[in-house]
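> When you get a sec, could you give me coordinates for this:
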Amino acid sequence: MNAVNSDQARQRAEKLFKKEERAREGREAMTEYRAEARATREKTARLKALRLDREAQAVELQSIIAI
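Next up is the predicted model:
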């Protein structure tokens with residue numbers, strides 16, 4: 001009887017461990033997802049600023065050439 005209780009306790013402990021491990025991995029994945037999303041937003045903003053600057057320079061150059 002004692003071996004059965006010991007096996008059940010071990011199985012419960014393993015199940016709890018796996019549940020906690022999945023939760024931890026989920027938190028890590030979410031942290032990574034958020035970091036990648038932030039990096040993408042920052043890169044997009046930087047590229048947009050460069051594009052707008054390039055377009056403004058082109059408009060300025062066109063106005064100089066038109067004179």
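> Just the pLDDT at the residue nearest the centre of the chain, thanks.
By CA atoms, centre = their mean, the chain has its centre lying nearest to Y33, at 1.9 Å. Looking at Y33, its pLDDT stands at 98.
> Also I67?
At I67, pLDDT is 68.
> picking that back up, so which helix or strand takes in the residue nearest to the centre of the chain?
helix 2-66 (DSSP states H and E).
> quick one on the thing from earlier: would you mind measuring from the residue nearest to the centre of the chain to E55?
Distance of Y33 to E55, computed by CB to CB, to the nearest Å: 32 Å. In this view, the C-beta of every residue, glycine as well, is placed from N, C-alpha and C.
> How about L16?
58 Å.
> cool, and E32?
34 Å.
> Low-confidence ranges, this structure, go.
The model of the chain has pLDDT under 70 over residues 1, 67.
> mind running it again at 90?
1-5, 61-67 (pLDDT under 90).
> so how far is stretch 60-67 off the chain centroid?
44 Å (CA atoms, centre = their mean, to the nearest Å).
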